[in-house]
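S.K.: Predicted coordinates and the sequence they were generated for:
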Amino acid sequence: MLSQSNDFRPQATERLFLAVVHQAIADVLENGKEAKEAERWLLSKDFDALHRLFASPAKACGIATTKRNRRSA
């Protein structure tokens, strides 16, 4: 039997967030006017806060790496 881990895994959390975002976007695209709740959430301050929490660190690292690479070149 596999043992359960209580370790926090940031990458798994980020992937879960992205899956929820993709599902909300698909819901809006597929259901249009019937997907008002998904659309409202995607445009909300709650979404912005979650996006900053999960998506921004990865982007910031990529930007920092890109800037370092340009300086080295």
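M.R.: Looks like it arrived, so ask away.
S.K.: Following element in sequence after the helix ranked longest in the chain, please.
M.R.: Assignment by DSSP state H gives helix 10-31 as the longest helix of the chain. Using DSSP states H and E, the helix or strand that follows helix 10-31 in sequence is helix 36-42.
S.K.: Low-confidence regions, this structure specifically.
M.R.: 1-8, 56-73 (pLDDT under 70).
S.K.: For the longest helix of the chain, could you pull out the residues that count as buried?
M.R.: Of all the residues in helix 10-31, those buried under the rule 16 or more other C-beta atoms under 10 Å are Phe17, Val21, Ala24, Asp27, Val28. Placement of C-beta: from N, CA and C, glycine included.
S.K.: Hmm, the first one is touching Phe54, no?
M.R.: Think Phe17. Yes - at 4.4 Å, Phe17 counts as touching Phe54 under the criterion of C-beta atoms under 8 Å.
S.K.: Report all helices and strands that the longest helix of the chain contacts.
M.R.: helix 36-42, helix 45-54 (3 or more C-beta pairs under 8 Å, 6 or more residues apart in numbering; DSSP states H and E).
S.K.: and those helices, which is most packed in?
M.R.: Most buried of those, by mean neighbour count (mean count of other C-beta atoms under 10 Å): helix 36-42, with a mean of 15.
S.K.: CA atoms only: put that one into CSV for me.
M.R.: The C-alpha trace of helix 36-42 is given here as CSV (Å, rounded to 0.1, in the frame of the first residue of the first chain):
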residue,chain,number,x,y,z
LYS,A,36,-22.2,33.6,-16.0
GLU,A,37,-20.8,32.3,-12.6
ALA,A,38,-17.6,31.0,-14.3
GLU,A,39,-17.2,34.3,-16.2
ARG,A,40,-17.9,36.3,-13.1
TRP,A,41,-15.2,34.3,-11.2
LEU,A,42,-12.6,34.7,-13.9
